[in-house]
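Asker: sequence and predicted structure are below.
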Protein chains: 2
Amino acid sequence: MRHHLRVMVTAAAISAGMSMFGSTPLGAQSGAHPSIFLTRAEGQQVRARAATAPLLGRTLTQAKATVEAAMRAPIETPPPGEAGGYSHERHKQNYREMQLAGMLYTITGDRRYASWVGRVLEQYAGMYPALGPHPLSKNQAPGRLFHQSLNEANWLVAVSIAYDCVYDALTPAQRTRIERDVLRSMADWLSVRQAKEFDRIHNHGTWAVAAVGMLGFVLNDSAYVNRALYGTKGDRSGGFLRQLDELFSPDGWYMEGPYYVRYALLPFFQFAEAVQRGRPAVRIYAYRDSILKKALFAAVNSAFPNGVFPPINDASRTMAVDAPEVITAVDLAYARYGADRNLLAVAQQQGSVLLSAAGAAVATDLAASRTPPVLAWRSVEYTDGANGQRGGHGVLRAGQGPQATMLLLKYGVHGEGHGHFDKLHFSLFDNGREVIPDYGFARWINIEPKTGGRYLPENDSWAMQTIAHNTVVVDERTQSDFVEKESEKLSGERHFFEVQSPSVQAVSAFAKGYWPGVTAQRTMLLLRDRRLPNPIVVDLFRVVSETEHQYDFPIHYRGQLIATNVGYQFFGSQRSALGSRFGYEHLWKEAAGRSDSTVRVTWLDGSRYYTVSTAAAPGTEVIYARTGAKDSLFNLIVEPMYLLRRRGTTQLFASVIEPHGFFSESLERSEQARPLVTGIRVLASDAEGSVVELTGPRGLRWQVSVTHGAASRTAARTVRNAGSSFTFTGNVQVTGLEPLP
Amino acid sequence: MRHHLRVMVTAAAISAGMSMFGSTPLGAQSGAHPSIFLTRAEGQQVRARAATAPLLGRTLTQAKATVEAAMRAPIETPPPGEAGGYSHERHKQNYREMQLAGMLYTITGDRRYASWVGRVLEQYAGMYPALGPHPLSKNQAPGRLFHQSLNEANWLVAVSIAYDCVYDALTPAQRTRIERDVLRSMADWLSVRQAKEFDRIHNHGTWAVAAVGMLGFVLNDSAYVNRALYGTKGDRSGGFLRQLDELFSPDGWYMEGPYYVRYALLPFFQFAEAVQRGRPAVRIYAYRDSILKKALFAAVNSAFPNGVFPPINDASRTMAVDAPEVITAVDLAYARYGADRNLLAVAQQQGSVLLSAAGAAVATDLAASRTPPVLAWRSVEYTDGANGQRGGHGVLRAGQGPQATMLLLKYGVHGEGHGHFDKLHFSLFDNGREVIPDYGFARWINIEPKTGGRYLPENDSWAMQTIAHNTVVVDERTQSDFVEKESEKLSGERHFFEVQSPSVQAVSAFAKGYWPGVTAQRTMLLLRDRRLPNPIVVDLFRVVSETEHQYDFPIHYRGQLIATNVGYQFFGSQRSALGSRFGYEHLWKEAAGRSDSTVRVTWLDGSRYYTVSTAAAPGTEVIYARTGAKDSLFNLIVEPMYLLRRRGTTQLFASVIEPHGFFSESLERSEQARPLVTGIRVLASDAEGSVVELTGPRGLRWQVSVTHGAASRTAARTVRNAGSSFTFTGNVQVTGLEPLP
């Protein structure tokens, strides 16, 4: 039993340095069942711990209820159907329930669970051989049960665990039939017939290798295992290790973004766990400087304080750390990489654990925690690209727990087919809400009447376009003219990321080549001053060009416009779309004004007001718009935004974003609906840097200086305007701030 | 001590019939202090019970924290300022804190509280005599501290309790000065100088009489008390008793609606409590067949299942039972009228109790409750008008707890200055949300940049108009042509209200005279069939006219349009307002189609789909619209709606509203996005009644018959169409339903 105990040591012991991926294998020895995820001894421990660790107990109770209900219902393995339709959902439900039932058999020893799994698999054995490629696949590699082989791989990952658990309870005849007619048949479909998809360095490939590799361990078939680890050619041109090499930056950033890594975390971690148990010599958890650990942390540490993943690129706005895939990864990482207080806090947000030794360890430590763990992520930068040289993503944070403030600046790679044309886009999360949001994808996922729940045309025409984001649009054209392969050639370039001081945190990056002749740099600061109750964002967006262009600086928001200091014309009985392409055709032009002075816009979102004040530039046009134009199927969410429009060569958009005040309609209370920071003025701006002054009541006067030159923390800088010059040292300097005590 | 103990008996004893408003006075004897709300003995009991009744303990802790913070800050009594501004809010905060401090003195005996109240009142005595009428009052009776005397009365109600509590701790000189320069001066301002306002049968009058009457008890001044009870003339042409006679229907319905009664509940109950203690012979709680009890129950029993008051007439969308005024009324009613399990459930929603004997009783019973009380209101009808003869409000309910379904049909009086032109409007609450909503008021309450937080012009031009509601609009004109005094002459007329069967509940009412030559009748049913997971609404809206009119049948909704079966033109790059007056100027016409068949519209709101299917009529136009036109200050909330438009003489809009399915974006799960009840057909409709058939899968076929003739539960009816006739008995009959088990 010695090797089982390793995963059950307390978290304290783990974090004290007891390596979990050393030479001693966890799990059972090669050929024993079950082994790839849960041994019989581990199952017994899960049962024992469920009595004292409430989260584990609750998860176990729910699992039993689900499976008992499934076992009472007739077994259904309907003929293949359309995505999101009954057959599709039924087969998904079948594999989820088989996995749970298998695990419950291992945990409880109750043979009813095992024999039910056997019966379901026999029924699959009766229908699977007759199936050809799914007739409804479109542009996808087809499965046989499902329209795409991706779902087939999902099925096999879950069923490999189920089959491993019940293996010993089946008769040899059952096993022969099930393996031949379903399991191997499916694995061959995925890895032989669709070898190209299998070798793809992409999350679809990850699912396929995990499915085939996990089955390989269960069947003790090293051909499958080797294929999964090293690709169909066996030369590491495909396969799991190559995926770990290429799909993540050295910091663990997944090139498609958090929404997609969430989905990929399951095959990554479940297969890694099987590899660790079946081929400990690979030292998979340590592979590439513990890249799996970094991948998980990059995902959960870039989540908003409420646990929702930022919806960058094609992504849902509500996918969160409580997704089952993230639960799997968090628990396995907690057990394999050592106890981490933030992971424990995430586990608490999740409200569920794995029914495995790893889940038992998390639940036990949570039960032993005297006070609930509070999420306390720090500001962090993630480089992008397999080599970490292709820009990145800066996350600035202030505060703790779900009410913390988080600013995300995006300056990495395009992100392949799911990438958006949104370089230098930012999102702001504050007071429990995504206040300056990213639209995410245009898709009503799995809602059948909305194009079968698939991506909508408006995903291309709106959600991917630059104007759908909070970043400057040049000449009303999307970055790289909306040509994906052009954008893929480029990436953002990091300039600096400095978060040593809790009062002054800053991130800066360039976007070069996204428009002909125009280079952009955005520098964002998250400031704390003890005279202001909330963190303040300063945003300096500089576009450099020798020729004249039109620059649109957009701010998307939610909630209700409260006040602005700029007069405007409201288009009250007739209105038109703001443009005809690059996303502008989806915006109604609601109102427009013009100002030579500071532009101030205040809105209300939730219980707080937000004001963006942008420093003056002559002839600035202010346009208020709202999505919903050219949306003939009502596919878009109707939301407001505004933009500042200027014509010129080089320009600096210098803004301050201030969260302020309080409003409760039900309490009928409103406080401080006007901002404190009322003045913002560009003192000087040239190729060396920009200097901006912000002013407010009670002598508040900050001077913010940032460099546009080569990054250096020690260089002396001089920025000049017509009449005077300003000097500072390093990349960023803020004077006049009263830091928090 | 005997008389103090009465209020502290257990709720069980109370409900066993121990009358709380018998001949024995509660509170202290005339002239003793404190007496009107809390005696010293009661205060000591509050302190004792706080240790064992968590809700009371928490409330007490919060009160101490609030008052301690107030006492640490400088005392400020600034010169009068504008509504919602600093001075206004400061004086409001002062009276709240004085009341709490006074009560804390009585509860704890800590003299710091009393002397602080004395100091604040002395500071008021130093500034109040110099104040004339407030310079910024507009169309309101002015106060001196505040722009309207209503706020002055709020101040005096709270301060009467505060002064009563600290009376014995002040010196005679302090008392003389405070009474002369502030308290009596203010009471005279309210009841002599503004005698007309004081005698008004309106909630402003209620606040004034409560303020003067409560002060009268504290000062043992029977002139004030008599004036408050019987009006300035002493003949009951004004005063508290007259208000109790006229402001409520015999069922306790408050003519301005729940949002306003919420506000009035405080002076009603606080003054009643003072009367009960000071003049028990009035038997105020028993007055008019316990009208105060009925008033409270009408308010909380017409609230949505989540505790929010339906925003009918001028009302906020979020005012809820946890407002402090409702806490006051619930606790006093619980103590005075006997323990009630639903009131206890409301108290739990409130999460706070009064710091009084009544609050202690509620908190004690809650602490003793083995399981949390679950709200289980029944369907109920409230008649309207002082005599109960002016229509009413029907509330149909299904289910229990916050997820219950509630349908509200409005057919009462206009509701004076805050009334909307919305006869036969309905709201539907389901799955925790107001799914088919009422816009409520157009007002950003207390948000200073939005017209000082006052009512906005769009309150008249949109929120009050008929088209802003879910009721038919004739010829694009608001009911009574938007003339309040014309609408005040009318009221809805109840037809029947039948809720005996949990499977078939129905309400029916007429609106006559709101448009020349057109009479309307709406009959709504809330049906339960065990083949459907959710309650279903059937809506039969009949307009009768000999001449041709245009009828618009609107449905306001929230969330996202998912599907419709009617082709339409979408106005995608140019759009216009739907009309030019009566609210239509605020609607953008987004799309329009035409159908001779059933019209089906499905949207998604929260985690559930909703489909409205309306039976065919030739040439029905379907218009999709959205608020926001002619809204130059961005005052309106942008929300979608659609309407069916028909021309003709007599018409029946026969619809079924089905909540169905499930959607979770974060779980990426969608189920049953299409309705089950797909067929709706009018079999016959004439002056006798209407017969409608609804159909769905698995043999679902209901026949719904309702009468348009005289109401009778036993009359036999025959409804004819060209070819056949249908007979049924009573007011409503549904066949084919499979009732819940």
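Answerer: Received the coordinates, thanks.

Asker: and the closest residue to chain B within the stretch 151-300 of chain A, how many neighbours?
Answerer: Using C-beta to the nearest C-beta, the single residue of the stretch 151-300 of chain A nearest to chain B is A:Tyr263, 9.6 Å away. Using the backbone N, CA and C atoms, a C-beta is placed for each residue, glycine as well. For A:Tyr263, the neighbour count with other C-beta atoms under 10 Å in any protein chain shown is 20.

Asker: and the stretch 401-550 of chain A, which residues reach chain B?
Answerer: By C-beta under 8 Å from any C-beta of the partner chain, the residues of the stretch 401-550 of chain A that approach chain B are A:Trp444, A:Ile445, A:Asn446, A:Ile447, A:Glu448, A:Pro449, A:Lys450, A:Gly453.

Asker: and the pLDDT at the third one?
Answerer: Model confidence at A:Asn446, given as pLDDT, is 89.

Asker: follow-up on the earlier one: so the residue of the stretch 151-300 of chain A closest to chain B, which state does it fall into?
Answerer: helix (DSSP: H, G, I helix; E, B strand; the rest coil).

Asker: ok, which pair from the residues of the stretch 401-550 of chain A next to chain B is furthest apart?
Answerer: Taking C-beta to C-beta as the measure, these span a maximum distance of 12.7 Å, between A:Ile445 and A:Pro449.

Asker: can you give me the pLDDT of the residue of the stretch 151-300 of chain A closest to chain B?
Answerer: 93.

Asker: what's the answer for A:Val507, then?
Answerer: For A:Val507, the pLDDT comes out at 98.

Asker: run the chain-centre distance for the strand or helix carrying it.
Answerer: Assessed by DSSP states H and E, A:Val507 sits inside strand A:504-515. Its chain's C-alpha centre and that of strand A:504-515 lie 21 Å apart, by C-alpha atoms, centre = their mean, to the nearest Å.

Asker: repeat that for stretch A:487-502.
Answerer: Stretch A:487-502 sits 18 Å away from the centroid of its parent chain (C-alpha atoms, centre = their mean).

Asker: got the end-to-end distance for it?
Answerer: 35 Å (C-alpha to C-alpha, to the nearest Å).

Asker: in it, what's buried?
Answerer: Residues of stretch A:487-502 classed as buried by neighbour count (16 or more other C-beta atoms under 10 Å in any protein chain shown): A:Ser487, A:Leu490, A:Ser491, A:Gly492, A:Glu493, A:Arg494, A:His495, A:Phe496, A:Phe497, A:Glu498, A:Val499, A:Pro502.

Asker: in helices only, show me these.
Answerer: Per DSSP state H, helices hold the following members of those: A:Ser487.

Asker: how about the closest residue to A:Thr106 other than its chain neighbours, what does it touch?
Answerer: Ranked by C-beta to C-beta, 6 or more residues apart in numbering or on different chains and with sequence neighbours excluded, the top spatial neighbour of A:Thr106 is A:Gly43, at 3.7 Å. A:Gly43 makes contacts with A:Pro34, A:Met103, A:Thr106, A:Ile107, A:Thr108, as judged by C-beta atoms under 8 Å, 6 or more residues apart in numbering or on different chains.

Asker: which single one of these is nearest to A:Ala617?
Answerer: Checking the contacts of A:Gly43 against A:Ala617 by C-beta to C-beta gives A:Met103 as the nearest, at 62.7 Å.

Asker: secondary structure class for the closest one?
Answerer: The local conformation at A:Met103, judged by three-state DSSP, is helix.

Asker: and stretch A:705-718, C-alpha only, in CSV?
Answerer: Provided in CSV are the C-alpha atoms of stretch A:705-718 (Å, rounded to 0.1, in the frame of the first residue of the first chain):
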residue,chain,number,x,y,z
SER,A,705,5.7,59.9,-16.8
VAL,A,706,6.3,56.9,-19.1
THR,A,707,8.9,56.1,-21.6
HIS,A,708,8.4,55.4,-25.3
GLY,A,709,12.1,54.7,-25.8
ALA,A,710,14.1,51.6,-25.0
ALA,A,711,13.0,50.0,-21.8
SER,A,712,15.4,50.5,-18.9
ARG,A,713,14.8,50.9,-15.2
THR,A,714,17.8,53.2,-14.8
ALA,A,715,17.9,55.3,-17.9
ALA,A,716,17.4,59.1,-17.5
ARG,A,717,14.7,60.5,-19.8
THR,A,718,13.9,64.0,-21.0
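
Asker: circling back to that earlier point, now the buried residues of stretch A:487-502 as a markdown table including pLDDT and distance to B:Glu585?
Answerer: Listed next are the buried residues of stretch A:487-502 as a markdown table, based on pLDDT from 0 to 100; distance: C-beta to C-beta, whole Å:
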| residue | pLDDT | distance to B:Glu585 |
| --- | --- | --- |
| A:Ser487 | 97 | 44 |
| A:Leu490 | 98 | 48 |
| A:Ser491 | 97 | 50 |
| A:Gly492 | 98 | 47 |
| A:Glu493 | 97 | 51 |
| A:Arg494 | 96 | 52 |
| A:His495 | 97 | 51 |
| A:Phe496 | 98 | 53 |
| A:Phe497 | 98 | 51 |
| A:Glu498 | 98 | 53 |
| A:Val499 | 97 | 52 |
| A:Pro502 | 93 | 52 |
